[in-house]
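1. please find the sequence and the predicted model below.
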Amino acid sequence: MKTLIAYGTKHGCSQKCAMELSRELKDKIEIVNLRDKINIDLSKYDRVVLGGSVYIGRIQKEVTDFISGNLEELLKKEIGLFICGMQENDMIKKEINENFPAELINKAKTVKHFGGEFNFNKMNFMEKVIVKKVSKVTSDKSDILHDNIKKFAMDLNS
Ligand SMILES: Cc1cc2nc3c(=O)[nH]c(=O)nc-3n(C[C@H](O)[C@H](O)[C@H](O)COP(=O)(O)O)c2cc1C
């Protein structure tokens with residue numbers, strides 16, 4: 001089984017989660033940052049994991065573009081979907097439902113929230129203002145859900 005992990009990221013958390021996931025999976029893995037815009041030959045993979053992080057409700061455009069441009073082929077693969085974000089529970093469910101097409105969510109073997117991080121050094125001025133105002137957080141915070149990454153890998157390995 002050959003697996004592609006294709007992700008979007010702005011500040012690096014989704015990349016960190018993708019790398020952690022790759023260490024938990026049994027198969028041959030290739031990891032691609034969708035911002036690098038390399039040509040991906042999906043026919044090489046049996047399984048595709050797609051994920052990214054949410055900013056003001058939206059996942060990276062390169063993730064949605066990749067999905068919409070390859071939806072038919074993706075629906076023929078084994079699929080895993082993940083999202084990074086600092087919201088919780090119902091808000092995260094809403095973000096998953098709003099950022100991935102319903103048919104891909106229904107096809108997915110596993111869909112999980114991998115948590116997130118606030119890294120103030122990597123935020124621009126406006127991002128800092130938004131985070132301080134909306135989340136009331138004023139310093140770095142890491143809430144990566146390592147158990148969810150493990151469970152995601154177990155679902156795919158089983
Ligand atoms: C300006 C800003 C807006 C954000 N908006 C959301 C949001 O709408 N929902 C959410 O769950 N997390 C939100 N987050 C948290 C990010 O998703 C979180 O920092 C994530 O770990 C970033 O992942 P990345 O480093 O892969 O880009 C926001 C963070 C920033 C800085």
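-> Perfect, thanks for sending it.

2. can you give me how far the lengthiest strand in the chain is from the chain middle?
-> Counting by DSSP state E, the longest strand found in the chain is strand 47-55. Distance of strand 47-55 from its chain centroid, counting by C-alpha atoms, centre = their mean, to the nearest Å, is 3 Å.

3. the strand or helix carrying Lys151: how far from the chain's middle?
-> Under the criterion DSSP states H and E, the helix or strand holding Lys151 is helix 146-157. With C-alpha atoms, centre = their mean as the basis, helix 146-157 stands 13 Å off its chain's centre.

4. list the buried residues for that helix?
-> Buried positions in helix 146-157, judged by neighbour count with 16 or more other C-beta atoms under 10 Å: 148-149, 152-153, 156. Just so you know, the C-beta spots here come from the backbone N, C-alpha and C atoms, and that holds for glycine as well.

5. please identify which of the residues you listed is nearest to Glu24.
-> Distance to Glu24, by C-beta to C-beta, is smallest for Ala153 among these, at 3.4 Å.
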